[in-house]
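1. Any chance you can model this:
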Amino acid sequence: MRPVSRQTDFQLDQVLDCLVGHMTEAVSGERLASELGMSHSRIVRLVSRLRGFGVEVRGEPISGFRLPWLPDVLLPRMIADRLQTGSIGRPLCHLYEVDSTNLYALGLLSEGSAVHGTTVIAEAQTAGRGRRGRTWCSAPGAGLYMTLVLRPEISCVLAPLITLGAAVAAHETIERVTGLDVDVKWPNDLLVGGRKIGGVLSELLAEQDRVGSMVVGLGINVNQDRFPTELDGVATSLRGETGGKQSRIEILVDFLAAFERLYRRFHERGPEAIIGPWSQASSFASGRRIEIHDGVRRMRGVTEGLNVLGGLRIREEDGSVEEVYSGDVLDWE
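-> Modelled structure (predicted):
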């Protein structure tokens, strides 16, 4: 599938809007072409693209195209009336396909066209990014792939707390919407039954010792029913764990509200507004024996909570205590 251009994004929206407007009937390709000012062949290609993004468009032999139900597509106009936030998710920038929502959001920042709260959401990523240069599997129309643009006006040393806060908000949302028991592996992986269901990737733009702006990317495996072989036993999805399809729109709206509440409390009350909820959400916060690599060396020990900046305290086997601010948990008991 070729990359989607912004013009194609707009045309896909037009076709989908028209089909939604005719939910009770099938619409011929000729009628769609006439209403939208496109060729019939272009309509057929766009319908095919929509199907590729997980939209079920049925082709009736005589009468034309029909949606059997309202599609779970993350269109701003289908989300705006359900948003319960003051700034987060306002505006929403929807893309059908992008290399990475984080990269796109960083591009908006470099252009000066992204205000605080701007949220980039995509139906698919061709080069989804995880921590430490890893890729994120981004099946079309199956997951939640999004990035928030924030201007927190805080010291750089406090920036990791925003990442922890995003993980807490995602944890709360998934448990509330699905009833699943979700764990948070330090610093920002979401686990169900020990398998990864989501993660957070933050990148910041600093001005001297202050955070001028930052992007917070979130990926959640929602309706995937299969993963690449290398992820067997490692990754899972909400659908796989619950046995039924989940609404990406419901999860998105709930997460944006949950994150804004945490973000506001953090600015009002300081680090404990995030450290407390993270420590309650994560079995890795205290008393967990882990092996961790901080980019320089491996450490083994037992976790003893977070410090005031969000660093994980680890009591090593020799009794010394290390405070780790970034790294990978390689193994745990």
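2. Walk me through the regions of the stretch 1-150 of the chain where pLDDT falls short of the threshold, as ranges.
-> 1-4, 128-138 (pLDDT under 70).
3. residue ranges for the helices of it, please.
-> Counting by DSSP state H, counting those that start in this stretch, the stretch 1-150 of the chain has these helices, from start to end: 6-21, 29-36, 40-52, 76-79, 101-111.
4. can you redo those helices as JSON lines with distance to Arg248 and mean neighbour count?
-> C-beta: built from backbone N, CA, C; applies to glycine. JSON lines is the format used below for the helices of the stretch 1-150 of the chain (distance: least, Cβ to Cβ, whole Å; neighbours: other Cβ atoms under 10 Å):
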{"stretch": "helix 6-21", "distance to Arg248": "15", "mean neighbour count": "16"}
{"stretch": "helix 29-36", "distance to Arg248": "25", "mean neighbour count": "16"}
{"stretch": "helix 40-52", "distance to Arg248": "15", "mean neighbour count": "17"}
{"stretch": "helix 76-79", "distance to Arg248": "10", "mean neighbour count": "16"}
{"stretch": "helix 101-111", "distance to Arg248": "14", "mean neighbour count": "19"}
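5. And the ones you listed: which comes nearest Ile251?
-> Nearest to Ile251 among the helices of the stretch 1-150 of the chain is helix 76-79; the distance by Cβ to Cβ comes to 11.2 Å.
6. Give me the distance between the closest one and the centre of its chain.
-> 17 Å (Cα atoms, centre = their mean, to the nearest Å).
7. re earlier: mind putting the helices of the stretch 1-150 of the chain into a markdown table with distance to Leu252?
-> Below are these laid out as a markdown table (distance: least, Cβ to Cβ, whole Å):
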| stretch | distance to Leu252 |
| --- | --- |
| helix 6-21 | 17 |
| helix 29-36 | 27 |
| helix 40-52 | 19 |
| helix 76-79 | 7 |
| helix 101-111 | 12 |
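8. Which residues does stretch 290-306 contact?
-> With Cβ atoms under 8 Å, 6 or more residues apart in numbering as the test, stretch 290-306 has contacts from 164, 186, 275, 278-279, 284-289, 312-317, 321-322, 324, 326-333.
9. Mind checking the helices of the stretch 1-150 of the chain for the one nearest to Pro68?
-> helix 6-21 (10.7 Å).
10. got the angle for that closest one vs helix 29-36?
-> On the basis of axes from the mean of the first three to the mean of the last three Cα atoms, to 10 degrees, helix 6-21 is oriented at 110 degrees to helix 29-36.
11. What helices and strands are in contact with helix 6-21?
-> helix 29-36, helix 40-52, strand 92-98 (3 or more Cβ pairs under 8 Å, 6 or more residues apart in numbering; DSSP states H and E).
12. Leu256: which of the helices of the stretch 1-150 of the chain is closest?
-> helix 76-79 (8.8 Å).
13. before we move on, the earlier item: out of the helices of the stretch 1-150 of the chain, which is closest to Gly217?
-> helix 101-111 (4.3 Å).
14. what's the angle from that closest one to strand 92-98?
-> Going by the same axes, to 10 degrees, helix 101-111 makes 120 degrees with strand 92-98.
15. so how far is helix 101-111 from its chain's centroid?
-> The answer for helix 101-111 is 15 Å, by Cα atoms, centre = their mean.
16. what residues does that helix touch?
-> 93, 95, 98, 114, 118, 120-122, 125, 127, 129, 145-149, 201, 203, 205, 213, 215, 217.
17. any idea where the strands of the protein begin and end?
-> 58-60, 64-66, 92-98, 119-125, 144-150, 183-185, 189-192, 195-207, 210-220, 286-293, 298-306, 312-316, 321-324, 328-332 (DSSP state E).
18. Against which helices or strands is the fifth one packed?
-> Using 3+ Cβ pairs under 8 Å, 6+ apart as the contact test, the elements touching strand 144-150 are helix 101-111, strand 119-125, strand 210-220, helix 248-269.
19. Give the buried residues for it.
-> Going by neighbour count (16 or more other Cβ atoms under 10 Å), the buried part of strand 144-150 is 144-150.
20. how far off helix 101-111 does that strand point, in degrees?
-> Using the same axes, to 10 degrees: strand 144-150 against helix 101-111 is 30 degrees.
21. ditto for the third one
-> Orientation check (the same axes, to 10 degrees): strand 92-98 against helix 101-111 gives 120 degrees.
22. Give the pairing partners of strand 92-98; include direction for each.
-> Using DSSP bridges, the strands paired with strand 92-98 are strand 119-125 (parallel).
23. what's next to the partner strand, contact-wise?
-> Taking Cβ under 8 Å, 6+ apart as the rule, strand 119-125 contacts 53-54, 73-74, 88-101, 104-105, 108, 136, 138-141, 144-149, 252, 256.
24. cool, and stretch 57-72?
-> By Cβ under 8 Å, 6+ apart, the residues outside stretch 57-72 that reach it are 16, 19-20, 22-23, 25-32, 47, 50-51, 54-56, 141, 223, 245, 247-249.
25. what about it, how long is it end to end?
-> Taking Cα to Cα, to the nearest Å, the first and last residues of stretch 57-72 lie 12 Å apart.
26. again with stretch 238-254
-> 15 Å.
27. hmm, back to that, drop anything exposed from the contacts of helix 101-111.
-> 93, 95, 98, 114, 118, 120-122, 125, 129, 145-149, 201, 203, 213, 215, 217.
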